[in-house]
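K.L.:
the following block contains a protein sequence and its predicted model.
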Amino acid sequence: MQKNSNIYILLIIIGIGVYLVSLLISAISFLIIPLGVTVLICVVLLLSYLIYSHFYFEGDKFLDIKESIKQFTKNCNELNSHINDLKNSFVDVSTYDYGTGELNDNSNYKFKRTEWKNNIKNYQTYNCSSTVLKSASNQPIKYLCKYFNIDTNENTFSNFENVLNNFAAAEQGKVLLKNERDIILNNISDSIPKLIMYFSKNKLVQKLGFEDFDFSDLYFPVYTFQYVSAGGNSSSKLDIKLNIENLERLVSYLNDLVKFRKSAEGQRALMTAVLREKIKTRDDFTCRKCRLSIKDERNLLLEIDHIIPISKGGITSEDNLQTLCWRCNRTKGAKIENI
């Protein structure tokens, strides 16, 4: 009798277990099925949009819009190319190349020396003592010249002054270029489907023919003083980025050190932001060659040009500086022209 009772209890437990499992399966199914349907709907919508955008960008309506702004796109791309040329004007400086070697730790104590792996070796890094690092942090421009072998002569000064002028134009050009592209996109936005503007703006910009614009400041060179302790347990570093502000400080520092043959009467000025704006104001923000001004073209990039180039003996003085639009300045190059 007892045996039959145990069997009944076992059957009841099994029945309850089966019931609970079926409830669990039902609950999981209830959750999974709607999720699967949702995923399926999303996939269908995504594929539908991709097909729609493909046919839109290949359609006559879009191609007509692209053709209507072709000249504006071309102008933006030419300015972008000019800005990239300006970015590449840097005259490189470096430390001496002392060769390479492989450092192995044969210590019996097997210290971890974790900081040794942070010992960067390249021509833009100077490995120094902690004393030099501390001093460099207090006088970065002075120590940059001293340890990265920047000669304090008139030629070096002129080269850095030219780099400063080009980098300043590049920075301003990036802003004007973005403004010009935004204006073009805004003018055609009513003709572009909202879905395309919202979900495929980057692709739209590419399909319209705009080249990739690099709005970063990665072209500013960075020079590093680095200290790693002999035991490899500590390290620190100082990064000096030659951005506009530091280039102006560098030019000013070199100016104080170099004795200029042509500046005995104080004719030479520093190519600072103040001087650049002063020349533009003097010339009424108008190109002295083609007479185009910011009144004619709102986002016109104006640059300061040496009438007699530095490479041909010209100096930075107000009577040797003029305002040119980027197109005329690009055409002029290092030539001497009568304006």
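P.N.:
That came through, no problem. Note that the structure is predicted; figures quoted are calculated from it, not measured.
K.L.:
just the element for F210, please.
P.N.:
Counting by DSSP states H and E, no helix or strand carries F210.
K.L.:
how near is G59 to I196?
P.N.:
Per Cβ to Cβ, to the nearest Å, G59 is found 11 Å from I196. For the C-beta atoms, the positions are set from N, CA and C on the backbone; glycine is no exception.
K.L.:
kindly report the same for F90.
P.N.:
39 Å.
K.L.:
G59 and I196: which has the busier surroundings?
P.N.:
Neighbours were counted for G59 and for I196 using other Cβ atoms under 10 Å; I196 has more, 18 against 10.
K.L.:
would you check that the more buried one makes contact with Y56?
P.N.:
Yes: applying Cβ atoms under 8 Å as the test, I196 and Y56 come out as touching, 6.3 Å apart.
K.L.:
which neighbours do those two have in common?
P.N.:
Counting by Cβ atoms under 8 Å, 6 or more residues apart in numbering, I196 and Y56 have no contacts in common.
K.L.:
and T323, that one's in a strand?
P.N.:
Yes: applying DSSP: H, G, I helix; E, B strand; the rest coil, one finds T323 inside a strand.
K.L.:
what's the neighbour count on the closest residue to it other than its chain neighbours?
P.N.:
In this structure, T323 finds its nearest non-sequential neighbour in D283, 3.9 Å apart by Cβ to Cβ, 6 or more residues apart in numbering. By the measure other Cβ under 10 Å, the count of residues near D283 is 17.
K.L.:
kindly report the same for D151.
P.N.:
Neighbourhood size, D151 [other Cβ under 10 Å]: 13.
K.L.:
need the three-state assignment for it.
P.N.:
Criterion first, three-state DSSP; result for D151: coil.
K.L.:
tell me the pLDDT of it.
P.N.:
On the pLDDT scale, D151 is placed at 84.
K.L.:
likewise Q124?
P.N.:
Listed pLDDT for Q124 reads 85.
K.L.:
ok so, going back, the residue nearest to T323 against L324, yeah?
P.N.:
No: between D283 and L324 there is no contact under Cβ under 8 Å: 9.1 Å.
K.L.:
give the contact list for R249.
P.N.:
R249 sits next to I141 when contact means Cβ under 8 Å, 6+ apart.
K.L.:
what's the burial count for the residue lying closest to A136 once chain neighbours are set aside?
P.N.:
Once flanking residues are discounted, A136 sits nearest to Y143: 3.8 Å by Cβ to Cβ, 6+ apart. Neighbourhood size, Y143 [other Cβ under 10 Å]: 21.
K.L.:
next: N75.
P.N.:
Other residues near N75 come to 17 when the count uses other Cβ under 10 Å.
K.L.:
need the three-state assignment for it.
P.N.:
At N75 the chain is in helix, as set by three-state DSSP.
K.L.:
what's the neighbour count on the residue nearest to it when sequence neighbours are not counted?
P.N.:
Excluding its sequence neighbours, the residue lying closest to N75 (Cβ to Cβ, 6+ apart) is E180, at 7.7 Å. Counted with other Cβ under 10 Å, residues neighbouring E180 total 19.
K.L.:
and C325, by the same measure?
P.N.:
Using other Cβ under 10 Å, the number of residues around C325 comes to 24.
K.L.:
from what I see, it and L292 are in contact.
P.N.:
Yes: between C325 and L292 there is a contact under Cβ under 8 Å: 5.3 Å.
K.L.:
got any residues that touch both of these two?
P.N.:
Counting by Cβ under 8 Å, 6+ apart, the common neighbours of C325 and L292 are L300.
K.L.:
how many other residues sit next to V251?
P.N.:
V251 has 22 neighbours, counted by other Cβ under 10 Å.
K.L.:
list the contacts of it.
P.N.:
V251 neighbours (Cβ under 8 Å, 6+ apart): F157, F160, E161, L164, L270, M271, T272.
K.L.:
ok, now how distant is it from S68?
P.N.:
45 Å.
K.L.:
any weak-confidence spans in the stretch 151-300 of the chain?
P.N.:
Along the stretch 151-300 of the chain, segments meeting pLDDT under 70 span 231-232, 259-267.
K.L.:
what angle sits between the one helix or strand the residue nearest to N75 maps to and strand 321-325?
P.N.:
In this structure, E180 sits in helix 154-188 according to DSSP H and E. For helix 154-188 and strand 321-325, the angle between their directions (axes from the mean of the first three to the mean of the last three Cα atoms, to 10 degrees) works out to 30 degrees.
K.L.:
report the distance from helix 154-188 to the chain centre.
P.N.:
Distance of helix 154-188 from its chain centroid, counting by Cα atoms, centre = their mean, to the nearest Å, is 12 Å.
K.L.:
go on, stretch 215-229?
P.N.:
14 Å.
K.L.:
got the contact list for the nearest residue to L177 once chain neighbours are set aside?
P.N.:
Nearest residue to L177 in three dimensions, chain neighbours excluded: L79, at 5.4 Å (Cβ to Cβ, 6+ apart). Contact analysis of L79 by Cβ under 8 Å, 6+ apart lists G173, L176, L177, E180, L301, W326.
K.L.:
having no further points to raise, I will conclude here.
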